[in-house]
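One predicted model, sequence on top.
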Amino acid sequence: MIYKIEFKKSAAKALKGMQKSEKKRIAQKIEELAENLPNPAITKMKGNNPFHKVRLGDYRIIYEIHEKAIVIFYDNNLWVFLT
């Protein structure tokens, strides 16, 4: 299943401000997640929340699995991606 990708304003703004090489790596990882999510049992974050995480260098991709979309957020120094 391929998920739709949606960006929140803060994530889009942060992505625009990044170097081209970083943008490319992050975009590739987002596309990879949209096409093939990792095993939810392995990526589930601790605590009582619906979030999962994947690391990409200095960034952490955090997402919530929904039916058809990945919504991407930005929070300070972390990339936060919610599906």
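Arrived safely, thanks for sending. Numbering: from 1, shown residues only.

Pull out the buried positions in the stretch of helix or strand Ala11 belongs to.
With elements taken from DSSP states H and E, the one containing Ala11 is helix 9-16. Taking 16 or more other Cβ atoms under 10 Å as the neighbour-count basis, helix 9-16 is seen to contain the buried residues Ala11, Ala14, Leu15. C-beta here means a position set from N, CA and C on the backbone, and glycine is covered the same way.

in the helix or strand following that helix, what's buried?
Taking DSSP H and E as the definition, the helix or strand that follows helix 9-16 towards the C-terminus is helix 20-35. In terms of neighbour count (16+ other Cβ under 10 Å), helix 20-35 has its buried residues at Ile26, Lys29, Ile30, Leu33, Ala34.

Let me know the closest of these to Ile62.
When the buried residues of helix 20-35 are ranked by distance to Ile62 (Cβ to Cβ), Leu33 comes first, at 10.9 Å.

gap between that closest one and Lys23?
Shown here: Leu33 relative to Lys23, a distance of 16 Å by Cβ to Cβ, to the nearest Å.

before we move on, what about Ala11?
Applying Cβ to Cβ, the value for Ala11 to Lys23 is 12 Å.

can you list the weak-confidence ranges in this structure?
Judged by pLDDT under 70, the chain has its weakly predicted residues at 70-83.

re the thing from before, TSV for the buried residues of helix 20-35, including distance to Glu6?
Output for the buried residues of helix 20-35, formatted as TSV (distance: Cβ to Cβ, whole Å):
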residue	distance to Glu6
Ile26	15
Lys29	16
Ile30	11
Leu33	13
Ala34	10
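
Pull the most distant pair out of those.
By the measure Cβ to Cβ, those have their two most distant members at Ile26 and Ala34, which lie 12.5 Å apart.
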